[in-house]
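Novice: Curious how this folds, go ahead:
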Amino acid sequence: MQIIKGNKNIKWYVTEALYQSEGDTPDKTEEVYFYSDGFFCFSKNFSSKLAAGKIKTKDLENLSVDEKYAEECAK
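Specialist: Numbers count the residues shown, from 1 in each chain. Below you'll find the model as predicted:
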């Protein structure tokens, strides 16, 4: 797991996840989570962008979040 300090009060967590695929080899992808204002959230948006190569892990340092980036959150 990588922990990246973002701007303001955001901490980003990037982890590798394995998913069962149709073949014998599981699919591996990176998932992006963030912690901000007392909430820990999964971001499907940033996870998809990272997987597609549209952003790099280092880019998370300068990104901000709002409720549209928080698909699943826990307090």
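Novice: Next, count neighbours for the nearest residue to residue 8 once chain neighbours are set aside.
Specialist: Using Cβ to Cβ, 6 or more residues apart in numbering and skipping residues adjacent in sequence, the residue nearest residue 8 is residue 64, 6.9 Å away. (Glycine included, C-beta is placed from N, CA and C.) One way to gauge burial is a neighbour count; for residue 64, by other Cβ atoms under 10 Å, it gives 10.
Novice: Tell me which residues touch residue 11, please.
Specialist: Contacts of residue 11 were listed using Cβ atoms under 8 Å, 6 or more residues apart in numbering, and they are 3-5, 34-36.
Novice: repeat that with 7 Å
Specialist: Contacts here follow Cβ atoms under 7 Å, 6 or more residues apart in numbering; on that basis residue 11 touches 3, 5, 34-35.
Novice: Helices along this protein, start to end?
Specialist: Taking DSSP state H to define them, one finds helices in the chain at 44-51.
Novice: could you point out where it is predicted with low confidence?
Specialist: Applying pLDDT under 70 to the chain flags residues 67, 69-70.
Novice: middle-most residue in it, spatially?
Specialist: Within the chain, one residue has its C-alpha closest to the average C-alpha position: by Cα atoms, centre = their mean, that is residue 32, at 0.9 Å.
Novice: distance of that residue from residue 59?
Specialist: 11 Å (Cβ to Cβ, to the nearest Å).
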